[in-house]
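Colleague: Pasting a predicted model and its sequence here:
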Amino acid sequence: MSENGAENTAYATDPDEYRHALRRHLATAPSLARFRERGHKSTEERITSDARLMSHLAAEGGWNLYGWPTEIGGLGGDERHRGVLYDELSRSGLPVPEPHLLIETLVPAVTKFSPHLARRHAAAFLRGEEWWGQCFSEPEAGSDLAALRTKATRQADHYVLSGQKLWTSHGATATRLVCLVRTGTTESRHRGLSMLMVDVDSPGVSVRPIALASGDNELAEIFFDDVIVPADQLVGTEGQGWAVAMFLLQYERAMYAWQTASVALRRITELRRLVGELPGPLPDGARRRFGACYVDIITLRARSSQTVRRLAAGDTVGPEASVDKILLASAEQGLHDLARDLLGSDFLLSDSAAVRAWRADWWYSRSATILGGSAEVQRTILADHVLELPKEMAR
Amino acid sequence: MTPGSSTTSAPGLDPELRSSLQTSLRELFAATPGGELTAALDQLGWPEVEAEDPATAARMLFHAHGAALASSAVLSDSIIRSFGPDFPVAGQRMSLLFPHPSDDGARPGSQAAPRLRGILLDTPPHGTLVLVPTCRGDRVMVHPVDSAWVLERSRPASGFDASSTWLVVDTNDPLPESQPRPPVAVDWVAAVAWGRRAIAAEILGVCEAALRLAADHVTSRHQYGRAIGSFQAVRHRLSEAHVAVESATSLLDAVWGNATDESWFDSPPEWAAAAAKARAGRAQSEVMRTGVQVLGAMGLTLESPMHRHVTRAAALDQLLGSHVRLEESLGDSLLAGTTAYPIASI
């Protein structure tokens, strides 16, 4: 796939070399132009186009395969390479492909806890040939994840899976689902959980897309009706589900924060251009808010780049990652509220593709304080484990 | 919440040495009156520490200065040292007149009226010189003026921050015709950037001390039969204050790193310094609002030390540009087309 093996080794060991080469490639490859078109697409169109971008990058030099071990189809390197990829894509006006949200969440955990599954499936995910969804939440288990009830019963060499999952990102189009399921009793709370990889085309899986208020099918509800899942599709061992989930959350919090920061810096520049085209003066306080929003974005960059470097150094990122998550949400929502206010009536009325994208993104930005542990849960984690304040009363 | 706990490793001073220096600084600030700090720091060997790793040294020094609520001319000394060794002559005690917070700090003395005003961080000793910055076009000169002349035109700046040693200088008199030394051109942009990074560190020192005070209070104070820190409303406010401090600290780390690392190509240091000071200034407003609230009525009294953190942080926020003004000027520049510099990178 690559014309020059020696150069690849240098990129894998030196993120700066990789950055410069990648930046040059993104700035000069004419074939990337078609991925830069702006404007609103449906969720299905967007993820398909993003996956095509991933395949393209993989085929033309393997640029998006750095940061992942060779055993799973990567070209070597660590979290820093992935961080550089997201940043350079944003810098050159390209999207951070949607599947990377769940690549970051799922692939490190699957690689660590079930290398055989990563060897079997991760390469296709990295190359945009397929993408996965994450099934954690349920109708009766949102923030309180340990209350989940979707049940997997072991029978000989397989599990029989029954239950219902909710709020699955990319669930409508994903081909594989990584599900947190109960293998113990309900009373066992987080101890009786296991992580299972389920093929969506297995008999008994049905998917119902859920439209956000923007009209886009960002999420889905998944039903499992006595689905047979081979036992070797366990991620980790039976009963290890909570440990896998906690490991995975480090990546979800840290890498997603960095993706958000990278994209936000591009978007505030685009907002500036859009606002510059509006007639009439800016509303009161706009100049200060614009500056404050920019400061929030670079603050998120500063914080989250530290966390990414810690992950790359092999550190465990603990409860302090909730700081990253809270910052991410305030930067993301601050940016979209700013866009809404500065665009004024255009935000409601304009038909332009750019404004339609801001409108849809505004709704999506509301999820920043909900998905992956709500803002309230994050504040409680900090109060308990970082500030060590007196515990709340038992329920 | 250990001061500097979230800083990334910096070259020069190893973590063990840094931690022992932090302890020394804490003890020194606890035991030394403001006027004697410069001498005490010299005795501690601080100039050598600073020569070894100026960024880490400054970050630690001003953080500790803030946490101890010290008031002194240490920042003035530090900026004057940043003008270069033996500036303008060796062995001469000098103080810097900081721009008045209502004026444009980047262009001192450029206001329309022939009016000289600014802030002195401490009363300059008799017979020393005060450096008064003025600008002509983009060039900033500092005029060495006899301290007695400046003192006659100053008054205490203790209106809000009663424990401060600051003085306000405000006069319509022109600078004295004959000055002890000729004015000297300085790199004012770099000096202001240095000052803003230092003040941001100091603000965060004050904030961490205030947050610790607040956390201790809500842990020991009981109402309705339980510690008030067990109420979610209180816990969440303190978590947010913690996020404000931690995030401003991360930004400041990146900004110090980018000011000293020659290989950093992406963001101008003075732009980065303005952003770091803006974020620290905003953090103090968030932390102090929460700090006062969770202490209940005690937070409003002279009996709790909280008020000293509130007033000191407010004063530091004003020095070399408040967060309100800095956010506005960054926003102006961005809207006018300045690049949204990334500041921090992987």
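Modeller: Cool, got the structure. Numbers count the residues shown, from 1 in each chain, chains lettered A, B, ... in the order given.

Colleague: residues in the stretch 1-150 of chain A within reach of chain B, list them.
Modeller: By C-beta under 8 Å from any C-beta of the partner chain, the part of the stretch 1-150 of chain A that sits against chain B consists of A:15, A:80, A:83, A:84, A:87. From N, CA and C alone the C-beta is placed, and that goes for glycine too.

Colleague: swap the cut-off to 10 Å and go again
Modeller: The stretch 1-150 of chain A comes close to chain B at residues A:15-16, A:19, A:79-88, A:90-91, as judged by C-beta under 10 Å from any C-beta of the partner chain.

Colleague: From those residues, pick the one nearest chain B.
Modeller: Chain B lies nearest to residue A:83 out of these, by C-beta to the nearest C-beta, at 3.9 Å.

Colleague: Same question for the helix or strand hosting residue A:162: list its buried residues.
Modeller: If you go by DSSP states H and E, residue A:162 is part of strand A:158-165. Of all the residues in strand A:158-165, those buried under the rule 16 or more other C-beta atoms under 10 Å in any protein chain shown are A:158, A:159, A:161, A:162, A:163, A:164, A:165.

Colleague: How far does it sit from its chain's centre?
Modeller: In terms of C-alpha atoms, centre = their mean, to the nearest Å, the centre of strand A:158-165 is set 24 Å apart from its chain centre.

Colleague: ok, residue 305 - contacts?
Modeller: With no chain named, the answer covers chain A. Shown in contact with residue A:305 (C-beta atoms under 10 Å, 6 or more residues apart in numbering or on different chains): A:80, A:83, A:87, A:254, A:257-258, A:261-262, B:8, B:250, B:253-254, B:342-346.

Colleague: try chain B instead
Modeller: B:69, B:163, B:209, B:210, B:213, B:299.

Colleague: For the residue in the stretch 151-300 of chain A that chain B sits nearest to, which non-adjacent residue is spatially closest?
Modeller: As assessed by C-beta to the nearest C-beta, chain B sits closest to residue A:291 within the stretch 151-300 of chain A, at 3.0 Å. Excluding the flanking residues, the one nearest residue A:291 by C-beta to C-beta, 6 or more residues apart in numbering or on different chains is residue B:331, at 3.0 Å.

Colleague: re earlier: out of the contacts of residue B:305, grab the one that's most surrounded.
Modeller: Scoring the contacts of residue B:305 on neighbours with other C-beta atoms under 10 Å in any protein chain shown, the highest-scoring entry is residue B:210 at 30 neighbours.

Colleague: a strand runs through residue A:209, doesn't it?
Modeller: Yes - with DSSP: H, G, I helix; E, B strand; the rest coil as the criterion, residue A:209 is part of a strand.

Colleague: measure it to residue A:137 for me?
Modeller: 16 Å (C-beta to C-beta, to the nearest Å).

Colleague: How about residue B:154?
Modeller: Taken as C-beta to C-beta, the span from residue B:154 to residue A:137 is 63 Å.

Colleague: The residues of the stretch 1-150 of chain A next to chain B in helices, which ones?
Modeller: A:15-16, A:19, A:79-88, A:90-91 (DSSP state H).

Colleague: Which of the residues you listed are buried? Put it as a PyMOL command.
Modeller: Selection of buried members from those for PyMOL, criterion 16+ other C-beta under 10 Å:
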select buried, chain A and resi 15+19+79+80+81+82+83+84+85+86+87+88+90+91
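
Colleague: Just to be sure, residue B:293 is in a strand?
Modeller: No - counting by three-state DSSP, residue B:293 falls outside a strand, being helix.

Colleague: Pull the contacting residues for it.
Modeller: By C-beta under 10 Å, 6+ apart, the neighbours of residue B:293 are B:214, B:233, B:234, B:237, B:299.

Colleague: Make JSON lines from the residues you listed and add secondary structure, distance to chain A and pLDDT to it.
Modeller: Converted to JSON lines, the contacts of residue B:293 look like this (DSSP: H, G, I helix; E, B strand; the rest coil; distance: C-beta to the nearest C-beta, whole Å; pLDDT from 0 to 100):
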{"residue": "B:214", "secondary structure": "helix", "distance to chain A": "10", "pLDDT": "98"}
{"residue": "B:233", "secondary structure": "helix", "distance to chain A": "10", "pLDDT": "97"}
{"residue": "B:234", "secondary structure": "helix", "distance to chain A": "8", "pLDDT": "97"}
{"residue": "B:237", "secondary structure": "helix", "distance to chain A": "9", "pLDDT": "98"}
{"residue": "B:299", "secondary structure": "helix", "distance to chain A": "17", "pLDDT": "93"}
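
Colleague: now the residues you listed: which count as buried?
Modeller: B:214, B:234, B:237, B:299.

Colleague: Now the residue of the stretch 101-250 of chain A found nearest chain B: which helix or strand?
Modeller: For the stretch 101-250 of chain A and chain B, the shortest gap (C-beta to the nearest C-beta) falls at residue A:143, measuring 13.3 Å. Residue A:143 belongs to no helix or strand when elements are defined using DSSP H and E.

Colleague: neighbours around it, how many?
Modeller: Counted with other C-beta under 10 Å, residue A:143 comes out at 12.

Colleague: in the stretch 101-250 of chain B, which spans are strands?
Modeller: Under the criterion DSSP state E, counting those that start in this stretch, strands of the stretch 101-250 of chain B are mapped to B:116-120, B:129-136, B:139-146, B:154-156, B:167-171, B:184-186, B:222-223, B:226-227.

Colleague: Give me the pLDDT for residue B:38.
Modeller: Model confidence at residue B:38, given as pLDDT, is 87.

Colleague: which SS class is it?
Modeller: helix.

Colleague: Contacts only, for it.
Modeller: Residue B:38 makes contacts with B:32, B:46, B:72, B:73, B:74, B:76, B:77, B:78, B:93, B:122, as judged by C-beta under 10 Å, 6+ apart.

Colleague: Taking the centroid of chain B, which residue is nearest it?
Modeller: Nearest to the mean C-alpha position of chain B, by C-alpha atoms, centre = their mean, lies residue B:199 at 1.7 Å.

Colleague: Pretty sure that one sits against residue B:61.
Modeller: No - if you go by C-beta atoms under 10 Å, residue B:199 and residue B:61 don't touch, sitting 11.9 Å apart.

Colleague: tell me, what's touching those two both at once?
Modeller: Residues touching both residue B:199 and residue B:61 (C-beta under 10 Å, 6+ apart): residue B:75.

Colleague: coming back round to it: and the residue nearest to residue A:291, what is it in contact with?
Modeller: Counting by C-beta under 10 Å, 6+ apart, residue B:331 touches A:272, A:282, A:285-295.

Colleague: Roughly how far does residue A:392 sit from chain B?
Modeller: Relative to chain B, residue A:392 is positioned 6 Å away (C-beta to the nearest C-beta, to the nearest Å).

Colleague: burial of the nearest residue to that residue once chain neighbours are set aside, as a residue count?
Modeller: Nearest non-adjacent residue to residue A:392, counting by C-beta to C-beta, 6+ apart: residue B:230, 5.5 Å away. Per other C-beta under 10 Å, the neighbour tally for residue B:230 reads 18.

Colleague: Just put the buried residues of strand A:158-165 in TSV and tack on distance to residue B:195 and pLDDT.
Modeller: Formatted as TSV, these follow (distance: C-beta to C-beta, whole Å; pLDDT from 0 to 100):
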residue	distance to residue B:195	pLDDT
A:158	68	97
A:159	64	98
A:161	62	98
A:162	65	97
A:163	60	97
A:164	59	97
A:165	55	96
